[in-house]
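Q: model the structure of this input:
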Amino acid sequence: MSALVVFASFGLLVDGRELMRASIWAKPLKFGVSFVIYGATLAWLLPKLRRARRTMWTLGTAFAVTGLIDVGFIAVQAARGTYSHFNVNTDAFNQIGQVVFSSGVVGLFGASLLIAVMLLFQRVGDTALTWALRAGIGLSVIGMALASFIRGWAATGPRTVEDAYGNPVTLLGQHGVGAPDGDGMPITNWSTVGGDLRVPHFIGLHSVQVFVLAVLVLTALATRIGWLRGERVRAQLTGVVILGYTALFTITTWQALRGQSLVHPDTATWTALAATVVVTALPAALAISAARRREAAPSGDGHPPGAPPRAPAGSLSRDHTAAR
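A: So this is what the prediction gives:
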């Protein structure tokens, strides 16, 4: 997994330099941070898998190398003062770089997809963690696939913009739906005037971190909360988190495709969110209620925990036997 460590170090180094440069460095900054987080997650996960360890190591290394190439290309384009995404200018460097960049995206998606499939056939830790990793990697793959879908759906034909030096750049495709890229939020630069497919892309890509964090929180709480100590209830609550988060991914995708900004939801979006809250809160409440009843119930012999066992019905106690 050394390649993942090198990749993470490179991403952090690039990010540190970007902070002192012009706003065009915002894209490699976000990509660097995102890939470092995802790469670190894979570096933690893959050594825990018991089957096909060599194959998993190869997939992890392939992910790291292709990620390094992609972030590197984005950083180089930023250093040149131009765009990395959707750039169809005909200069030789950009044309070759776009081919390499596109190939890297396919490599990232392919490696993640194979890891997700192989996770279906092996268990990692308890039931809650296994579910979290399977669902998280699977939803991350869907989030990556959405990035490829962005170009075809959101594209409205070529448009010309200026690079950092005032030179014309032709872009084919955009993240926005109903509005070009721009007019964005701080840090993320997600659109505030139209739909933006980067929102569900981000939510899907980092689902595995959210799910694993939920498992870690439940495990930590189980040391103090008795009814959480059962593996079954932690798995059920993890499933609720997975259900709610997947619904959030679906709603934000639907919202973006309708050309609606994340910060300006309409009645339909609010209704979908409210339904999600109800649908997730109900099974969570049922799981918690059942777990608390099990904790409060007497032990299997009908006695409270800690009480001396009662002799089976129809049998003689030790004292009666002695009396005989």
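Q: which stretches of the stretch 201-324 of the chain form helices?
A: 207-222, 231-257, 267-296, 318-323 (DSSP state H, counting those that start in this stretch).
Q: wait, which of those is closest to residue 174?
A: Evaluated over those, closeness to residue 174 peaks at helix 231-257, with 11.9 Å, by Cβ to Cβ. C-betas here are computed from N, CA, C, even on glycine.
Q: now the closest one: mean pLDDT?
A: For helix 231-257, mean pLDDT is 94.
Q: same check on stretch 101-110?
A: Computed over stretch 101-110, the average pLDDT equals 77.
Q: try stretch 46-61
A: 79.
Q: please renumber the chain so that the first residue is 53 from this point on.
A: Shifting the count to begin at 53 puts that one at stretch 98-113.
Q: tell me which stretches of the stretch 103-252 of the chain form helices.
A: With DSSP H, counting those that start in this stretch as the criterion, the stretch 103-252 of the chain has helices at 105-131, 144-171, 179-206, 250-257.
Q: for these, which one sits closest to residue 275?
A: helix 179-206 (14.9 Å).
Q: chain center to the closest one, what's the gap?
A: Taking Cα atoms, centre = their mean, to the nearest Å, one finds helix 179-206 lying 7 Å from the centre of the chain it belongs to.
Q: save the helices of the stretch 103-252 of the chain as a markdown table, and put in distance to residue 265 too.
A: Putting those into a markdown table (distance: least, Cβ to Cβ, whole Å) gives the following:
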| stretch | distance to residue 265 |
| --- | --- |
| helix 105-131 | 21 |
| helix 144-171 | 18 |
| helix 179-206 | 9 |
| helix 250-257 | 14 |
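Q: and of those, who's closest to residue 98?
A: Of all those, helix 105-131 comes closest under Cβ to Cβ, at 4.8 Å.
Q: and the closest one, what's buried?
A: Neighbour counts over helix 105-131 (16 or more other Cβ atoms under 10 Å) mark 108, 111-127, 129-131 as buried.
Q: can you spell out which helices and strands pack onto it?
A: The contact analysis (3 or more Cβ pairs under 8 Å, 6 or more residues apart in numbering; DSSP states H and E) places helix 105-131 against helix 54-70, helix 78-97, helix 144-171.
Q: next one: that helix to chain centre, how far?
A: On the basis of Cα atoms, centre = their mean, helix 105-131 sits 18 Å off its chain's mean C-alpha point.
Q: low-confidence bits of this structure, can you list those?
A: 53-84, 199-208, 232-235, 350-376 (pLDDT under 70).
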